[in-house]
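Q: Build the 3D model from these lines:
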Amino acid sequence: MRYKLKKQIVFPMSTVPDNFPDHSPNNLFSLCQVLAQLNHAQDVLCFLQDLCTQGELSAMAERWQVCQLLDQGDLSYREIREKTKASLTTITRVAKFLGKKSFNGYAKALTKARELKE
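A: This next block holds a predicted model:
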């Protein structure tokens with residue numbers, strides 16, 4: 001089964017997390033479409049601050065920092081934990097999604113981040 005939002009984008013159901021309620025995939029993909037259309041980091045930040053709690057934003061920012069440090073490849077999980085204060089569970093989960101179990105979201109985001117630095 002596939003969900004179709006607007007004519008130009010079709011999302012395969014395989015990208016929907018298993019624990020998502022049946023009525024939520026369209027909302028999730030609508031959110032993704034809106035985020036993809038916001039052209040400035042400040043606009044995304046404002047939207048995320050309205051949408052998420054401070055705890056949710058902190059958790060996402062922490063995972064992103066862990067992702068970048070794992071990608072550098074020169075720190076152990078314990079060193080990343082000391083640097084970020086993230087739990088070993090969080091670090092392991094991010095590493096898992098950077099590796100085998102992945103929708104390639106972290107990899108695509110890391111590529112974009114590298115492009116922004118150039």
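
Q: Next one: P17, what pLDDT does it get?
A: Note for P17: predicted pLDDT of 59.

Q: for S14, that is, sorry about that
A: Predicted confidence (pLDDT) for S14: 52.

Q: ditto for V10
A: The per-residue pLDDT reported for V10 equals 48.

Q: Over to N104?
A: For N104, pLDDT reads 87.

Q: so where is the chain shaky, pLDDT-wise?
A: 1-25, 101 (pLDDT under 70).

Q: try it again with 80
A: Applying pLDDT under 80 to the chain flags residues 1-27, 100-102.

Q: Which stretches in it count as helices?
A: 25-37, 41-51, 54-72, 77-84, 88-98, 105-117 (DSSP state H).

Q: need those in TSV with mean neighbour count, can you?
A: Yep, even glycine has a C-beta here, placed from its N, CA and C like the rest. Output for these, formatted as TSV (neighbours: other C-beta atoms under 10 Å):
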stretch	mean neighbour count
helix 25-37	13
helix 41-51	12
helix 54-72	15
helix 77-84	14
helix 88-98	16
helix 105-117	12
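
Q: what sits against G105?
A: Applying C-beta atoms under 8 Å, 6 or more residues apart in numbering, we find G105 in contact with F97.

Q: and the gap between it and D50?
A: According to C-beta to C-beta, to the nearest Å, G105 and D50 sit 22 Å apart.

Q: Equivalent analysis for E56, please.
A: Counting by C-beta to C-beta, the gap from E56 to D50 is 12 Å.

Q: and if you look at N39?
A: Counting by C-beta to C-beta - N39 and D50 are separated by 17 Å.
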